[in-house]
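Asker: this one's structure only:
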């Protein structure tokens, strides 16, 4: 007998969102999470939707940023991940950052309390059982070896891989606030209304040059077994950025623009290290953009060279782990189903999206598609004019295959949306045109999403026409 439940494998952000969306649409769901029976290299707890890297969901401006638009779309569709993030936000300027423990606890409570969701702890080792009629694989970047081997055998392809790095977290009371100061870049207030959400540590030229020298010379973790694996450009280790040029950091995570040291307002810092609040109590702060593969023994000394962090106490040092993702444009159909076995859907980072929000978004779409299928309906993916649809389009066909390993992870961005024409305006036509274009894309997306979310699936319309709705 076929098991008609939707089985979601993986309790991260994508799996939790997929389970929630399927259950809210009326389906019975079994969510499989292997922790704590089988640990991973990155997780610390057994909670669902645990954040293992940054605590930031990035920019929260729907009309000025593509990921902010994705936030808005997910909120409009009842996203559990976004609701939990909004309830546990911490100050972060124009970004949405969260108390990581409060966030994951909220997601876990909601999932466990849902009457149509059952959580089963334990690894799905190898092939999902043949009687599972509907499966969503949302195992993310840390897919267990047995399941990865099954996917590899099923598709005849090796999974693609890349390294992902984790930034250090510092105890707030160990930061020297006689040197550091509070300010968001350009004094921009974020969702929490705080225009001084970041702690800033200034560097003059000499300190910066010495820091880069030590950073480049420091002992690094080596992974010979994986050394062919590329890094994802959106999460490069800081020393890898430094290897690309001595000025790279000053134009990346350590850029000094939009910041003024109140103690020396007449002197522009050569570089600035920013720390972002990591928990609701504001006792922990993470070093923005400081993902690293420096060996733990070296990290404390190197990062204490930063003015303001000379006596820093680290709650967590940086680290490095391998992420995996499949060649989605070749392997998945437009409904996120595996062409070689259509009962399997994929969601989250394993599909080749990058970022917490993007991963959860793919879970949202997969959950809704699976639930519609369970009730005999035919639901299309969100329109390509939406952020959700743009992501689905990228992983299922928007990427032009140019070679065996050309498909790479990607955050949501305006380049994934269909073109839109807007007239130039204002005294600075180029800048105003860019802003107008972003606003137009967002307005179009939110309108098209509303129409999609209220439209009845095709099969349900057919049944209604036959008097069987």
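Answerer: Yep, it's here. This structure is a prediction, so every number in the text was calculated from the model and none was measured.
Asker: how close does residue 281 sit to residue 103?
Answerer: 14 Å (CB to CB, to the nearest Å). The C-beta positions use only the backbone N, C-alpha and C, and glycine is treated the same way.
Asker: which residues touch residue 73?
Answerer: 361, 382, 386, 387, 388, 445, 446, 449 (CB atoms under 8 Å, 6 or more residues apart in numbering).
Asker: Nearest to residue 220, out of those residues: which one, please.
Answerer: Among those, residue 361 lies closest to residue 220 (CB to CB), at 33.4 Å.
Asker: from the contacts of residue 73, which is closest to residue 334?
Answerer: residue 382 (11.1 Å).
Asker: Share the number of residues neighbouring the closest one, please.
Answerer: Counted with other CB atoms under 10 Å, the neighbours of residue 382 add up to 26.
Asker: The one 10 residues further on too?
Answerer: Residue 392 is flanked by 29 other residues according to other CB under 10 Å.
Asker: Can you verify my assumption that it contacts residue 382?
Answerer: Yes: Residue 392 lies in contact with residue 382 (CB atoms under 8 Å); the separation is 6.8 Å.
Asker: shared neighbours, the two?
Answerer: residue 365.
Asker: helix or strand right after the host helix or strand of residue 30?
Answerer: Taking DSSP states H and E as the definition, residue 30 sits inside strand 29-33. Using DSSP H and E, the helix or strand that follows strand 29-33 in sequence is strand 56-59.
Asker: Where does pLDDT dip in the stretch 101-250 of the chain?
Answerer: Applying pLDDT under 70 to the stretch 101-250 of the chain flags residues 141-142, 157-165, 189-195, 222-234.
Asker: So residue 281 and residue 103 - more neighbours on which side?
Answerer: More neighbours surround residue 103 than the other of residue 281 and residue 103, with 29 against 12 (other CB under 10 Å).
Asker: Please name the nearest non-neighbouring residue to that one.
Answerer: Excluding its sequence neighbours, the residue lying closest to residue 103 (CB to CB, 6 or more residues apart in numbering) is residue 88, at 4.6 Å.
Asker: Check residue 267 too.
Answerer: Closest to residue 267 by CB to CB, 6+ apart is residue 261, at 6.9 Å.
Asker: my guess is the one you found meets residue 203, correct?
Answerer: No: between residue 261 and residue 203 there is no contact under CB under 8 Å: 10.8 Å.
Asker: list residues touching both of those two?
Answerer: residue 269.
Asker: And these two? Which one has more around it.
Answerer: More crowded of residue 261 and residue 203, by other CB under 10 Å: residue 203, with 24 against 18.
Asker: Can you report phi and psi for the more buried one?
Answerer: Dihedral pair for residue 203: phi -130, psi 140, per degrees, to the nearest 10.
Asker: Double-check it against residue 254; I have them as touching.
Answerer: Yes: contact criterion CB under 8 Å: residue 203 and residue 254 qualify, at 7.4 Å.
Asker: Common neighbours of these two, please.
Answerer: In contact with both residue 203 and residue 254: 271, 272, 273, using CB under 8 Å, 6+ apart.
Asker: Restricted to buried residues, select those in ChimeraX.
Answerer: Applying 16 or more other CB atoms under 10 Å to the shared contacts of residue 203 and residue 254 leaves a buried subset, and the ChimeraX line that selects it is:
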select :271,272,273
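Asker: Quick check: strands, which of the shared contacts of residue 203 and residue 254 are part of them?
Answerer: In strands, judged by DSSP state E, the following of the shared contacts of residue 203 and residue 254 are found: 271, 272, 273.
Asker: helix/strand/coil for residue 4?
Answerer: strand (DSSP: H, G, I helix; E, B strand; the rest coil).
Asker: Just give me the neighbour total for residue 275.
Answerer: When neighbours are defined as other CB under 10 Å, residue 275 has 27 of them.
Asker: on that earlier part again, now, among the contacts of residue 73, which is nearest to residue 122?
Answerer: residue 361 (27.1 Å).
Asker: Run the chain-centre distance for the host helix or strand of that closest one.
Answerer: Assessed by DSSP H and E, residue 361 sits inside helix 356-374. A distance of 15 Å separates the C-alpha centroid of helix 356-374 from that of its chain, computed with CA atoms, centre = their mean, to the nearest Å.
Asker: Tell me what angle that helix forms with strand 29-33.
Answerer: Between helix 356-374 and strand 29-33, the angle comes out at 140 degrees (axes from the mean of the first three to the mean of the last three CA atoms, to 10 degrees).
Asker: Packing partners of helix 356-374?
Answerer: strand 3-9, helix 13-24, strand 56-59, helix 66-76, helix 80-87, strand 132-137, strand 341-346, helix 387-393 (3 or more CB pairs under 8 Å, 6 or more residues apart in numbering; DSSP states H and E).
Asker: Which two among the contacts of residue 73 are spaced furthest apart?
Answerer: 361 and 446 (14.8 Å).
Asker: Which one's more surrounded, those two?
Answerer: Taking other CB under 10 Å, residue 361 and residue 446 do not tie; residue 361 has more neighbours (32 against 18).
Asker: gap between the more buried one and residue 126?
Answerer: 28 Å.
Asker: what about the nearest residue in space to residue 392 that is not next to it in sequence, neighbour count?
Answerer: In space, residue 392 comes closest to residue 381 once its chain neighbours are excluded; the distance is 4.7 Å by CB to CB, 6+ apart. By the criterion of other CB under 10 Å, residue 381 has 20 neighbours.
Asker: contacting residues for residue 381?
Answerer: Applying CB under 8 Å, 6+ apart, the residues near residue 381 are 334, 335, 336, 365, 369, 388, 389, 392, 393.
Asker: Which single one of the residues you listed is nearest to residue 3?
Answerer: Using CB to CB, the contacts of residue 381 come closest to residue 3 at residue 369, 18.4 Å.
Asker: thought that closest one was touching residue 336?
Answerer: Yes: with contact defined as CB under 8 Å, residue 369 reaches residue 336; the gap is 6.4 Å.
Asker: Mind listing the shared neighbours of the two?
Answerer: Shared contacts of residue 369 and residue 336, counting by CB under 8 Å, 6+ apart, come down to 345, 381.
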